[in-house]
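>>> just to be clear, the model below is a prediction. Sequence and coordinates:
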Amino acid sequence: MLDTIGTLARLGLAAVWLVSGAVKLADPGQTYIAVQAYDVLPHGLVGVVATALPLVEIVLGLALLAGVATRYVAGAALVLLLVLIAGIAQSWARGLSIDCGCFGGGGQVAQGQTEYPQEILRDSGFALLAVWLLMRPRTWLSVDGWLKGGRGNSAEPEHDYSGVAEGN
Amino acid sequence: MQARNAASDRRKIIVGIVAVVVVAAAVIGGVLWTISSRNKTEGQAINPDAGTSLAADVVQKRDGVVVTVGKPGAKATVDVYADFLCPICGTFEKSNRQQIEQAINNGQLQVKYHMVPLLNQRSSPPGYSLDSANAALAAADAGKFVQFHDALFKSQPEEGGRGYDKAQLTQLGKDLGITDPKFAADVNAGTYNEQINAAFTQVSNDPALEIDFGDGQKGFGTPTVVSKGQVVKWQNGGWLEQAIAG
């Protein structure tokens, strides 16, 4: 049952990253504007981040989809989400009026049309999924499971007698 | 036991290799695609033919950073504030260029063009808005402002993307028949940059030019069209007829 929750969390988070990354990758000009609107990076880094961010998201999404190194990937996802939440929070605090650009779009918006609390809540929800996977990375249908020798995801820890010498 | 460990090790190696290949392919492919997409305008020649056809006695005169275009004696005047990178300005041009040109050719209208670097940071690398505004003023000195202006809007680069560099802007001038070496010199030196920026600062703080962005936010934006001292809602059809009428 807990494995099932974990699997849903893993696949859900994978979908989030894949969609988010793909939308950004499809329109690099818009992504550039979205990153620039946060007004927080030095000029030279805007292009680098605008190029790299969608790719990081897609790689995280693929890793979660496959269920590879789930605990570590969930940790990386959590860090990235915290950075993004911090970015949104700082633009809110500074009175910028922008769209976070998390799923496309981004850049300046009219002042009454910012959705900072919603965006932060949503990203926090995703962060909770990542925290679950960080603490309990065991899921169904994952490469991690396959690497454990195809035993499936039994609830008990495996007994590994490989250290015991033969004949004893 | 040992067989299981060997199989498990082999699986780990397979996963490791696949992961590295997939990530490398994704990253390399992604970076190449992104950079090429943002740099679409690199090496492109700007098409000089935008269908501009002004009557022979239309005068184009630069005064500071404002270019006035029209026949002497035209009664109505309209001010247009625009940025060459601004997509909505591109839309404005697309829907209004021909009617405006007709009104100018009929001697009914004078247009004062104010090119502003509002989106100067929004090209990657930044600077297209200012470079293009400067180049357009240099083109005005050679009597080809409207042709230059129309060509730049017809082949407008994408926001967030590369814009055109000074070499491309200079080539556009040449393709439009500008032979005076002063043109290229002005484009490269950014001769009018300071004036353009100073005028922009003034204009963006002018309460008479504010437009309403909706939801209570007001400020300076592009395109701004002014007729008879009032900012005009150009999105509503008929603004031009009203401007021309007495």
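Nice, thanks for sending it over. Numbers count the residues shown, from 1 in each chain, chains lettered A, B, ... in the order given.
>>> helix/strand/coil for B:Arg11?
helix (DSSP: H, G, I helix; E, B strand; the rest coil).
>>> quick one, phi psi at the closest residue in space to it that isn't next to it in sequence?
Excluding the flanking residues, the one nearest B:Arg11 by CB to CB, 6 or more residues apart in numbering or on different chains is A:Leu147, at 5.3 Å. In short, each C-beta sits where N, CA and C put it, glycine included. Backbone torsions of A:Leu147, given as degrees, to the nearest 10, read phi -70, psi -20.
>>> just the buried positions in stretch A:49-58, please.
A:Val49, A:Ala50, A:Thr51, A:Leu53, A:Pro54, A:Leu55, A:Val56, A:Glu57, A:Ile58 (16 or more other CB atoms under 10 Å in any protein chain shown).
>>> average pLDDT for it?
Stretch A:49-58 shows a mean pLDDT of 94.
>>> ok, that stretch near chain B or not?
Yes. Applying CB under 8 Å from any CB of the partner chain, one finds stretch A:49-58 touching chain B at A:Ala50, A:Thr51, A:Ala52, A:Pro54, A:Leu55, A:Ile58.
>>> near chain A, which residues of chain B are found?
So far as CB under 8 Å from any CB goes, chain B lies against chain A at B:1-2, B:4-5, B:7-8, B:11-12, B:15, B:19, B:22-23, B:26-27, B:30-31, B:33-35, B:37-38, B:121-122, B:124-126, B:158-161, B:213-217.
>>> give me the ChimeraX select line for these, limited to the buried ones.
Buried residues within these, by 16+ other CB under 10 Å, are selected in ChimeraX with:
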select /B:8,11,15,19,26,27,30,33,34,37,38,121,122,124,126,158,159,160,161,213,217
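>>> before we move on, the earlier item: show me which of the buried residues of stretch A:49-58 is closest to A:Trp132.
For the buried residues of stretch A:49-58, the residue nearest A:Trp132 by CB to CB is A:Glu57; the value is 19.3 Å.
>>> run through who's touching stretch B:40-51.
By CB atoms under 8 Å, 6 or more residues apart in numbering or on different chains, the list of residues contacting stretch B:40-51 from outside reads B:97-98, B:147, B:150-155, B:157-158, B:161-164, B:168-169, B:171-172, B:175-176.
>>> apply 6 Å and report the result again.
For stretch B:40-51, contacts defined as CB atoms under 6 Å, 6 or more residues apart in numbering or on different chains pick out B:Asp150, B:Ala151, B:Lys154, B:Ser155, B:Pro157, B:Arg162, B:Tyr164, B:Gln168, B:Leu172, B:Asp175, B:Leu176.
>>> next one: stretch B:237-246
Contacts for stretch B:237-246 (CB under 6 Å, 6+ apart): B:Ala76, B:Val78, B:Gln99, B:Ala103, B:Gln108, B:Leu109, B:Ser227, B:Val232.
>>> returning to that earlier point: can you count the residues close to the residue nearest to B:Arg11?
Other residues lying near A:Leu147 total 17 when counted by other CB atoms under 10 Å in any protein chain shown.
>>> what of A:Leu41?
Applying other CB under 10 Å, I find that A:Leu41 has 15 neighbouring residues.
>>> assign the spatially most central residue of chain B to helix, strand or coil.
Among the residues of chain B, the one closest to the centroid is B:Phe84, at 1.6 Å (CA atoms, centre = their mean). What three-state DSSP gives for B:Phe84 is coil.
>>> circling back: can you pick out the most distant pair from the contacts of stretch B:237-246?
Top of the distance list for the contacts of stretch B:237-246 (CB to CB): B:Gln108 and B:Val232, 16.0 Å.
>>> low pLDDT regions in the chain?
Because you didn't say which chain, this covers chain A. A:101, A:104-105, A:107, A:110-112, A:149-168 (pLDDT under 70).
>>> could you do chain B instead?
B:1-4, B:214-217, B:246.
>>> quick one, helices of chain B?
Along chain B, counting by DSSP state H, helices occupy B:2-38, B:87-105, B:128-141, B:145-154, B:166-175, B:181-189, B:193-204, B:239-244.
>>> same question for chain A.
Going by DSSP H, chain A shows helices at A:2-26, A:28-37, A:43-66, A:70-93, A:116-135, A:143-147.
>>> return the most buried member of the ones you listed.
Most buried of the helices of chain A, by mean neighbour count (mean count of other CB atoms under 10 Å in any protein chain shown): helix A:28-37, with a mean of 24.
>>> contacts only, for the nearest residue to A:Leu84 once chain neighbours are set aside.
By the measure of CB to CB, 6+ apart, the closest residue to A:Leu84 outside its immediate chain neighbours is A:Asp123, 5.8 Å from it. Applying CB under 6 Å, 6+ apart, we find A:Asp123 in contact with A:Leu81, A:Leu84, A:Ile85.
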